[in-house]
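**Student:** A predicted structure for the sequence below; I have some questions about it.
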Amino acid sequence: MNRYFVIGNPIGHSLSPQIHNYWFKKYKLKTSNYEKRKLEEKELEKFVREIRDKSQSINGVNVTVPYKKKIIPFLDELSNTSLPTQSVNTIFKKDGKLVGHNTDTTAFEETLKQFFLDYKERHILLIGAGGVAPSVLFALCRLVGRYGKIYLMNRSKSKAIDLKKMGNTFNTFEPSNIELLDWGKVPDVHLVINTTSIGLTNEENLGLDFTKYEKLKEKTLFYDLIYNPKETNFIIDAKKRGNKIMNGKMMFLLQAKYAFQKWTGIDAELDDEIIKIVD
């Protein structure tokens with residue numbers, strides 16, 4: 001049996017097993033199976049040893065919060081997307097080594113193409129500084145031009161400062177185009193992205209007031225990277241204001257598709273059945 005896993009904490013909300021096991025069945029990979037495993041941080045090194053153990057037949061792993069950075073010290077190499085972002089969401093084996101890879105960046109970039117044809121003068125607010133935030137910022141720095149602006153906001157400002165420093169290392173335009181904001185200071189923007197885990201339960205709310213600013217209306221896209229639940233309070237409130245909305249469904253499916261391709265060489269189809277699983 002070829003075994004695959006997603007690891008994280010919490011992990012109960014993850015739909016990754018349903019997605020990958022559907023593809024294993026569809027593409028007749030009958031000896032492959034995908035599971036989720038909740039790990040404590042102290043168990044990461046032991047789990048990586050389990051991956052290395054050939055008798056365990058673990059051929060691939062997805063990594064979710066809060067271990068996308070914490071898993072790195074136990075791996076052998078990082079890909080050209082994981083190295084600059086210091087974020088790993090996919091582990092694969094190559095020439096006997098464990099390689100940390102990042103499919104979040106490309107997946108996020110693909111989803112934005114549904115809404116923006118020209119990113120060069122867009123102003124964007126990125127909320128959160130951990131988890132998938134570095135991957136999102138990496139994509140934004142490739143998409144937003146000299147006249148655009150990326151605002152960073154996080155409850156812990158020290159983490160936002162670290163994220164800005166990282167952004168400056170892979171920024172293709174002037175570093176001044178990335179600006180830190182105090183928590184609660186909401187600017188006029190074209191796109192608001194929630195990369196935090198606030199919203200995984202119904203009672204959670206970011207506590208930010210998006211009603212003060214005249215331009216934050218129907219032309220602004222509110223994008224929550226959470227996909228389960230389908231509608232967080234961030235999304236529900238945006239709908240009430242008449243904003244455009246998007247949840248993390250397509251990003252989740254695309255990052256899974258790219259991980260599946262790394263492991264199997266198969267370009268999996270995002271068909272109606274796979275969409276239903278997430279819906």
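**Tutor:** Sure thing, it's come through.

**Student:** what pLDDT does the model give Lys215?
**Tutor:** At Lys215, the model reports a pLDDT of 64.

**Student:** likewise for Arg37?
**Tutor:** For Arg37, the model assigns a pLDDT of 98.

**Student:** what helices or strands is the helix or strand hosting it leaning on?
**Tutor:** Counting by DSSP states H and E, the secondary-structure element that holds Arg37 is strand 32-38. Packing contacts for strand 32-38, counted by 3 or more Cβ pairs under 8 Å, 6 or more residues apart in numbering; DSSP states H and E, involve strand 2-8, helix 16-26. C-beta coordinates here come from the backbone N, C-alpha and C atoms, glycine included.

**Student:** any idea how far stretch 254-262 is from the middle of the chain?
**Tutor:** Using Cα atoms, centre = their mean, to the nearest Å, we find the averaged C-alpha position of stretch 254-262 to lie 13 Å away from the chain's own average C-alpha position.

**Student:** so, low pLDDT: which residues of the stretch 101-250 of the chain?
**Tutor:** Judged by pLDDT under 70, the stretch 101-250 of the chain has its weakly predicted residues at 115-120, 145, 171-176, 213-215, 217.

**Student:** all strands for it, in order.
**Tutor:** Counting by DSSP state E, counting those that start in this stretch, the stretch 101-250 of the chain forms strands over residues 123-127, 149-153, 178-180, 191-194, 221-224, 244-246, given from the N-terminal end onward.

**Student:** I'd like the ones you listed as TSV, with mean neighbour count and distance to Val6 appended.
**Tutor:** Written out in TSV, the entries for the strands of the stretch 101-250 of the chain read as follows (neighbours: other Cβ atoms under 10 Å; distance: least, Cβ to Cβ, whole Å):
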stretch	mean neighbour count	distance to Val6
strand 123-127	24	24
strand 149-153	22	28
strand 178-180	17	31
strand 191-194	24	21
strand 221-224	24	20
strand 244-246	18	23
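
**Student:** any idea which of the ones you listed gets closest to Ser16?
**Tutor:** strand 221-224 (18.3 Å; Cβ to Cβ).

**Student:** the closest one pairs with which strands, and in what direction?
**Tutor:** In the sheet, strand 221-224 lines up against strand 191-194 (parallel), strand 244-246 (parallel) (DSSP bridges).

**Student:** residues in contact with the first one?
**Tutor:** Judged by Cβ atoms under 8 Å, 6 or more residues apart in numbering, the contacts made with strand 191-194 from elsewhere in the structure are 112, 115-116, 122-128, 136, 206, 210, 216, 220-226, 232, 234.
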